[in-house]
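In: Starting from these lines, generate the structure:
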Amino acid sequence: MTTTRHAPRNAARRVTIGIASQQEIRARVLAIAQGKHKPKPGEPKIWFTSMKSLAEVLSDDNRALLRVIRDTQPQSISQLAVTTGRKTSNLSRTLKTMSRYGFVELQRQDKAVRPVSKATEFRIVAA
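Out: Coordinates of the predicted model:
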């Protein structure tokens with residue numbers, strides 16, 4: 001008998017992030033589009049052009065924010081603002097940036113937007 005194991009709702013998801021020059025990223029995307037390269041499991045799907053740009057998105061505060069979202073499962077950005085003590089407008093901007101990279105999902109529920117942490121562990125690969 002085979003059993004399927006489901007991760008707990010607040011489980012961390014590890015994301016692999018690549019760092020490469022804009023030219024290297026562009027060449028990789030073209031190679032994939034042309035069928036010359038097939039990404040292997042575990043290869044980065046998210047790319048940054050510098051450690052500095054990565055550090056701006058995944059600062060200590062933003063990684064802590066991802067953990068708070070994972071652990072408290074807030075029902076809205078307003079609720080998260082109260083929990084973290086951060087201003088809603090700044091929090092909203094940060095969450096939108098992190099959602100573009102797939103670190104957070106912003107789910108619309110009625111009139112509220114519910115942030116869901118999609119990643120809390122990161123593996124960095126420099127090309």
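In: Just checking the distance from the one helix or strand V113 maps to to the centre of its chain.
Out: In this assignment (DSSP states H and E), V113 forms part of strand 112-117. Its chain's C-alpha centre and that of strand 112-117 lie 13 Å apart, by C-alpha atoms, centre = their mean, to the nearest Å.
In: contacting residues around it?
Out: 66-67, 69-70, 73-78, 80, 92, 95, 103-108 (C-beta atoms under 8 Å, 6 or more residues apart in numbering). All C-beta spots, glycine's among them, are computed from the backbone N, C-alpha and C.
In: Same question for it: list its buried residues.
Out: Across strand 112-117, burial judged by 16 or more other C-beta atoms under 10 Å covers V113, R114, P115, S117.
In: what's the answer for stretch 52-71, then?
Out: Within stretch 52-71, judged by 16+ other C-beta under 10 Å, the buried ones are L54, V57, L58, N62, R63, L65, L66, V68, I69, R70.
In: tell me the centre residue of the protein?
Out: F103 (1.3 Å; C-alpha atoms, centre = their mean).
In: How about the contacts made by that residue?
Out: V15, V57, L58, L66, S117, K118, A119.
In: just so I have it, where are all the strands in the protein?
Out: 14-19, 46-48, 104-109, 112-117, 121-126 (DSSP state E).
In: Low-confidence ranges, this protein, go.
Out: Along the chain, segments meeting pLDDT under 70 span 1-12.
In: Going along the chain, name the helices of it.
Out: With DSSP state H as the criterion, the chain has helices at 22-33, 51-57, 60-72, 77-84, 88-100.
In: A127: which of these is closest?
Out: Set against A127 and scored by C-beta to C-beta, the helices of the chain come closest in helix 22-33, at 5.6 Å.
In: Could I get the CA-only coordinates of stretch 14-31 as CSV?
Out: Output of stretch 14-31 as CSV, limited to C-alpha atoms (Å, rounded to 0.1, in the frame of the first residue of the first chain):
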residue,chain,number,x,y,z
ARG,A,14,12.8,25.8,-0.9
VAL,A,15,13.4,27.9,-3.9
THR,A,16,16.6,27.9,-6.0
ILE,A,17,17.7,31.3,-7.2
GLY,A,18,20.3,32.0,-9.8
ILE,A,19,22.6,34.9,-10.2
ALA,A,20,24.1,35.7,-13.6
SER,A,21,24.7,38.6,-15.9
GLN,A,22,21.8,39.9,-18.0
GLN,A,23,23.6,38.5,-21.1
GLU,A,24,23.9,35.0,-19.5
ILE,A,25,20.3,35.1,-18.5
ARG,A,26,19.2,36.1,-22.0
ALA,A,27,21.3,33.4,-23.6
ARG,A,28,19.8,30.8,-21.3
VAL,A,29,16.3,31.9,-22.0
LEU,A,30,16.9,31.8,-25.8
ALA,A,31,18.5,28.3,-25.5
